[in-house]
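S.K.: Can you look at this prediction? I've put the sequence above it.
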Amino acid sequence: MSALTRAAKALSLAQTYAEDGAVVSAIEYGTEAMALLFAERDRRMKIGLIPAFPGASTAPASRKMVTGPGPTFAKPRPHSAATRRKMAAAAKARNK
């Protein structure tokens with residue numbers, strides 16, 4: 001039996017006891033139902049089925065986008081050395 005089914009049965013019993021006037025039993029079953037619902041919510045948040053807070057991502061940490069400086073290795077240059085020299089000479093001529 002799933003946690004949600006057990007919670008539904010506990011709420012049903014709580015309602016029945018409340019209608020019969022057995023307040024203590026109604027409170028006990030209502031408390032049990034809430035505990036089951038919170039445990040199920042926590043389980044679903046832990047495995048990523050529901051977000052921990054509104055607007056949060058449900059993707060596992062391994063799939064989340066990593067922010068930060070990233071790798072520090074040198075990036076490939078888009079131009080050859082000769083082209084870079086020509087571009088530097090042109091920039092130098094413009095700045096005269």
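M.R.: On my side now, so go ahead.
S.K.: In the protein, where is pLDDT below threshold?
M.R.: Residues of the chain meeting the criterion pLDDT under 70: 52-76.
S.K.: Let me know the next secondary structure element after the lengthiest helix in it.
M.R.: Looking across the chain with DSSP state H, the single longest helix is helix 23-47. Note on helix 23-47: by DSSP states H and E, the next helix or strand toward the C-terminus is helix 81-94.
S.K.: C-alpha coordinates for that next one, PDB please?
M.R.: Provided in PDB are the C-alpha atoms of helix 81-94 (Å, rounded to 0.1, in the frame of the first residue of the first chain):
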ATOM      1  CA  ALA A  81      50.200  33.900 -36.700                       C
ATOM      2  CA  ALA A  82      50.600  35.700 -40.000                       C
ATOM      3  CA  THR A  83      47.000  36.900 -39.900                       C
ATOM      4  CA  ARG A  84      47.300  38.100 -36.300                       C
ATOM      5  CA  ARG A  85      50.500  40.100 -37.400                       C
ATOM      6  CA  LYS A  86      48.500  41.700 -40.200                       C
ATOM      7  CA  MET A  87      45.600  42.600 -38.000                       C
ATOM      8  CA  ALA A  88      47.900  44.100 -35.400                       C
ATOM      9  CA  ALA A  89      49.700  46.200 -38.000                       C
ATOM     10  CA  ALA A  90      46.300  47.400 -39.300                       C
ATOM     11  CA  ALA A  91      45.200  48.300 -35.800                       C
ATOM     12  CA  LYS A  92      48.400  50.100 -35.100                       C
ATOM     13  CA  ALA A  93      48.000  52.100 -38.400                       C
ATOM     14  CA  ARG A  94      44.400  53.100 -37.400                       C
END
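S.K.: what does that helix rub up against?
M.R.: Residues outside helix 81-94 that contact it (C-beta atoms under 8 Å, 6 or more residues apart in numbering): R77, H79. In short, each C-beta sits where N, CA and C put it, glycine included.
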